[in-house]
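>>> Generate coordinates for the sequence data below:
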Amino acid sequence: MPLTTLLTDFGTDSPYVAEMKGVLYTRLGEQARIVDISHSITPQNIRHGAVVWRETVPWFPDGTVHVGVVDPGVGTKRRLLAARFRNNDATGTLVCPDNGLASLILGDFELLEAVHPAEPRFWNENISRTFHGRDILAPLAAAIAAGEPLRHLGPPATKPIRLELPQPIHANGTVRGMVLYVDAFGNAITNLLSDDIPSGSLLSLIAAGGKLPLRVVGTYGEAEPSTLVLLVGSSHRVELAEVNASAARRTGLISGAMFEIVPEPEDVKRA
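Below is the predicted model:
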């Protein structure tokens, strides 16, 4: 029995995740193996979900079925998506709304097959207009995990919806970026990569919290507590962090917020 993973914006204290798991266990039996990726995606934030999904999916074994539910269009005419992809020697299958949630995975990995599920015989008998995660997506994932070919689920999906991540903007030695999401530690994960960090030993961050001194480090422990730092995280994205504290609280940065990193003259006085 392949693994089934769940990624949602439901929150950890809601009953919705348990209801989806109940459907999976009912259809697959107690031998079902279910892994929670995250249920703390910012509500209705498709971009946040897409980034977290892209960061986590490659670490799962061959044959894993991944269910994603960040679905502000639930109950509307938006389509669903089931897609099989290959990452190196491993394959996996995504089941989600066709709203861009799968964008980064489908953009970075080889797409093998994709369909728009439209066969009610695979769904729950009674469909809620507000909870397709339980009534459609979980049953579809169970069918795939049990060996149902994607072609039986619906017509081919030739152009799944793709979201483009905003690119950093460089001008006059500064860089303007966006916060993709804020993690549980208050670190702001950005759309910058290591090559986007401005040169110079003295940098400042311009954000909602004003202009703040910023230090480039290799690890969180290289600076004193309460220091605002810039580093490349495990996902290879640049993070804004505050040592032993929350950078989001310090700077006012939230998901989707814009910021600038500015090099300062070497003789500038730092507080």
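
>>> which residues of the stretch 1-150 of the chain fall in helices?
16-28, 46-56, 103-108, 132, 138-145 (DSSP state H, counting those that start in this stretch).

>>> Mind checking those for the one nearest to residue 260?
Closest approach to residue 260 among the helices of the stretch 1-150 of the chain is made by helix 46-56 (20.0 Å; C-beta to C-beta). Backbone N, C-alpha and C define where each C-beta goes, glycine included.

>>> Tell me the gap between the closest one and the middle of its chain.
1 Å (C-alpha atoms, centre = their mean, to the nearest Å).

>>> helices and strands around that helix, which ones?
Applying 3 or more C-beta pairs under 8 Å, 6 or more residues apart in numbering; DSSP states H and E, we find helix 46-56 packed against strand 3-8, strand 33-38, strand 64-69, helix 103-108, strand 174-182.

>>> Which one, of the ones you listed, ends up nearest to residue 75?
Short answer: strand 64-69, nearest of the helices and strands packed on helix 46-56 by C-beta to C-beta, at 13.0 Å.

>>> Can you measure across stretch 27-44, start residue to end residue?
Start-to-end span of stretch 27-44 (C-alpha to C-alpha, to the nearest Å) is 28 Å.

>>> Which residue is the nearest non-sequential neighbour of the residue nearest the centre of the chain?
Central residue of the chain (C-alpha atoms, centre = their mean): residue 52, 2.4 Å from the mean position. Residue nearest to residue 52 in three dimensions, not counting chain neighbours: residue 38, with 5.7 Å by C-beta to C-beta, 6 or more residues apart in numbering.

>>> Could you identify which of the helices of the stretch 1-150 of the chain is most buried?
The highest mean neighbour count among those, using mean count of other C-beta atoms under 10 Å, belongs to helix 138-145: a mean of 25.

>>> List the pairing partners of whichever helix or strand comes after that one within its sheet, with orientation.
Downstream of helix 138-145, the next assigned helix or strand under DSSP states H and E is strand 169-171. Here strand 169-171 is paired, per DSSP bridges, with strand 174-182 (antiparallel).

>>> list the buried ones in the strand it pairs with?
For strand 174-182, a neighbour-count test (16 or more other C-beta atoms under 10 Å) marks 175, 176, 177, 178, 179, 180, 181, 182 as buried.

>>> Please work out the angle formed by the directions of it and helix 46-56.
80 degrees (axes from the mean of the first three to the mean of the last three C-alpha atoms, to 10 degrees).

>>> Next secondary structure element downstream of strand 174-182?
Assigned by DSSP H and E, the successor of strand 174-182 is strand 188-190.

>>> Which residues outside that following strand are in contact with it?
Contact with strand 188-190 is made by 51, 177-183, 233, 235, 237-241, 247-248, 251, 253, 257, 259, as judged by C-beta atoms under 8 Å, 6 or more residues apart in numbering.

>>> before we move on, what about stretch 15-31?
By C-beta under 8 Å, 6+ apart, the list of residues contacting stretch 15-31 reads 1, 4, 6, 8, 10, 32, 34, 36, 39, 67, 69, 124, 131, 133-135, 137-139, 141-143, 145-146.
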